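1. with the input below, show me the fold.
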Amino acid sequence: MRKKWWMVALLAVSLTTLAACGNNPTASPPNSDSEQQTGSETDPQTDDTQEQEETEPSNETQTPPEESNTSGNGGTSSGGTNGSSGEQAENVETKEANIQVYYTDPELLELKSAMQTISYKTDWSKYEAAFKALQHSDSEELVPLWSEEITINKLEVDGGNITLDLKIPATANLGSSGESFAIDGLKQTFFQFEEVESLELLIDGEQKESLMGHVELEHPMTRE
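-> Numbering: from 1, shown residues only. Here you go, the predicted structure:
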């Protein structure tokens with residue numbers, strides 16, 4: 001009888017053990033760090049695309065402003081140069097003219113003339129060349145009344161009206177006879193051009209009563 005109960009107890013213990021093993025679940029492996037992380041990180045490919053868009057130079061070409069062209073009927077020569085008129089004259093054919101230029105004799109007794117050839121491209125440069133011809137002579141018998149020390153500050157042409165602004169150093173001054181010849185020679189040289197109606201002579205930009213202190217100046221001098 002004792003043996004029978006012992007077998008029953010042993011069987012009950014075995015069933016309890018088996019039941020406990022069947023109910024023990026298999027442990028799940030812990031989640032990886034990549035599964036725990038959310039999609040909060042920025043896609044590196046998106047950053048590279050944005051940087052490329054920011055640094056990529058624009059393909060648009062900037063068009064420079066158009067240069068303005070100026071033109072007029074007259075011209076201006078200042079200090080031996082001439083602004084826009086001088087640039088336009090680069091493409092103009094050089095012309096030549098034979099003109100009468102006025103000098104004096106070595107004794108400063110009379111006014112003498114000689115034929116000279118001048119080269120020019122524009123009206124204002126023609127008058128500039130005519131004045132420079134008054135300052136030079138190839139003959140000892142023809143003495144210039146306008147010294148090479150005299151320079152042109154400005155030469156303006158407005159139709160048939162010419163304004164000639166000069167700088168005259170004291171060393172270029174003449175006596176009363178020489179001054180009178182110089183003014184007469186200047187007038188005859190310029191008024192031989194049929195289109196010239198008046199000549200305004202200035203000294204350092206100002207109207208003077210006299211060129212060199214002896215002969216009164218007209219403002220402007222006109223064709224007689």
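2. where does the prediction get shaky in this protein?
-> For the chain, the stretches with pLDDT under 70 are 1-90.
3. residue boundaries of the strands in it?
-> 75-78, 95-104, 111-120, 151-158, 161-167, 198-203, 221-222 (DSSP state E).
4. can you put these in TSV and add mean neighbour count and distance to residue 183?
-> Backbone N, C-alpha and C define where each C-beta goes, glycine included. Compiled in TSV, the strands of the chain are given as follows (neighbours: other Cβ atoms under 10 Å; distance: least, Cβ to Cβ, whole Å):
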stretch	mean neighbour count	distance to residue 183
strand 75-78	20	21
strand 95-104	17	10
strand 111-120	15	10
strand 151-158	18	17
strand 161-167	19	12
strand 198-203	19	8
strand 221-222	16	8
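5. figure out which of those is closest to residue 213.
-> Nearest to residue 213 among these is strand 198-203 (11.1 Å), distances taken as Cβ to Cβ.
6. give me the helices and strands touching that closest one, please.
-> Strand 198-203 sits against strand 161-167, helix 176-190, strand 221-222, with contacts defined as 3 or more Cβ pairs under 8 Å, 6 or more residues apart in numbering; DSSP states H and E.
7. got the angle for that strand vs strand 161-167?
-> Put simply, strand 198-203 runs at 20 degrees to strand 161-167, going by axes from the mean of the first three to the mean of the last three Cα atoms, to 10 degrees.
8. contact partners of strand 198-203?
-> 153, 160-168, 186-187, 190-191, 207-208, 211, 217, 219-223 (Cβ atoms under 8 Å, 6 or more residues apart in numbering).
9. do the same with stretch 208-221
-> In contact with stretch 208-221 (Cβ under 8 Å, 6+ apart) are residues 161, 168, 173-176, 179-180, 182-183, 187, 198-203, 207.
10. one more: stretch 164-182?
-> Taking Cβ under 8 Å, 6+ apart as the rule, stretch 164-182 contacts 102, 104, 108, 110-111, 127, 131, 145-147, 149-156, 199-205, 210-215.
11. please report how far the nearest residue to residue 123 once chain neighbours are set aside lies from residue 94.
-> Spatially, and ignoring its direct neighbours in sequence, residue 123 is nearest to residue 157 (5.3 Å; Cβ to Cβ, 6 or more residues apart in numbering). Taking Cβ to Cβ, to the nearest Å as the measure, residue 157 falls 18 Å from residue 94.
12. ok, residue 218 next?
-> From residue 218 to residue 94 the distance is 34 Å (Cβ to Cβ).
13. cool, and residue 156?
-> From residue 156 to residue 94 the distance is 22 Å (Cβ to Cβ).
14. same question for residue 150.
-> Distance of residue 150 to residue 94, computed by Cβ to Cβ: 25 Å.
15. re earlier: more neighbours: residue 218 and residue 94, which one.
-> residue 218 (12 against 9; other Cβ atoms under 10 Å).
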